[in-house]
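**Student:** when you get a sec, could you give me coordinates for this:
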Amino acid sequence: MALIRNVPAIPKVMDYADYRRFLKDYYEARKRLDPAFSYGSFAKRAGVSRSHLVGVLHGKNLSTSSMGGYVKGLGLEGRQGEYFELLVRANQASGPAARRIATGALRRWLDEWRRVNP
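**Tutor:** Model (predicted):
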């Protein structure tokens, strides 16, 4: 009889309203799958420094110029990458008006995605 391992699933970005929580959960899931996975290897895949990644995980804002690298490093494709970028913009919006606009764009995107992917 073959043993079935309890393999942790990589989290889905669409299940998150906080990109930092997603990044932390993604890192933890990957680390459980591959104990050699590290902040350094994650940062390298994203094209940023280890200190930048750790800073983002601890509250530093993710720059617009590094968003594409994170999308690539996370292995997000197409609509998932779009969602991640909108999520970052909504989470980092400064001021009530900007937050309202960014959150509205994220909500519209999610509504459309759910309509197409019931």
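**Student:** quick one: least confident helix or strand in this protein?
**Tutor:** helix 96-116 (a mean of 89; mean pLDDT, DSSP states H and E).
**Student:** pull the CA atoms of it into CSV?
**Tutor:** Taking C-alpha atoms only, helix 96-116 is exported to CSV below (Å, rounded to 0.1, in the frame of the first residue of the first chain):
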residue,chain,number,x,y,z
PRO,A,96,-9.5,57.8,1.5
ALA,A,97,-10.2,58.9,-2.0
ALA,A,98,-7.3,56.9,-3.6
ARG,A,99,-8.2,53.9,-1.4
ARG,A,100,-11.9,54.1,-2.5
ILE,A,101,-10.9,54.2,-6.2
ALA,A,102,-8.4,51.4,-5.9
THR,A,103,-10.7,49.2,-3.9
GLY,A,104,-13.5,49.9,-6.4
ALA,A,105,-11.3,48.8,-9.3
LEU,A,106,-10.4,45.6,-7.4
ARG,A,107,-14.1,44.9,-6.6
ARG,A,108,-15.1,45.4,-10.3
TRP,A,109,-12.3,43.1,-11.4
LEU,A,110,-13.4,40.4,-8.9
ASP,A,111,-17.0,40.7,-9.9
GLU,A,112,-16.1,40.2,-13.6
TRP,A,113,-13.8,37.3,-12.7
ARG,A,114,-16.5,35.6,-10.7
ARG,A,115,-19.0,36.1,-13.5
VAL,A,116,-16.8,34.5,-16.0
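**Student:** go through that helix and flag the buried ones.
**Tutor:** 102, 103, 106, 109 (16 or more other CB atoms under 10 Å). Heads up, the C-betas are built off the backbone N, CA and C, glycines and all.
**Student:** now swap in stretch 67-83 and tell me
**Tutor:** Quick answer for stretch 67-83 (16+ other CB under 10 Å): 67, 69, 70, 71, 73, 74, 76, 80, 81, 83.
**Student:** ok, those vs residue 57, which is closest?
**Tutor:** Distance to residue 57, by CB to CB, is smallest for residue 70 among the buried residues of stretch 67-83, at 11.4 Å.
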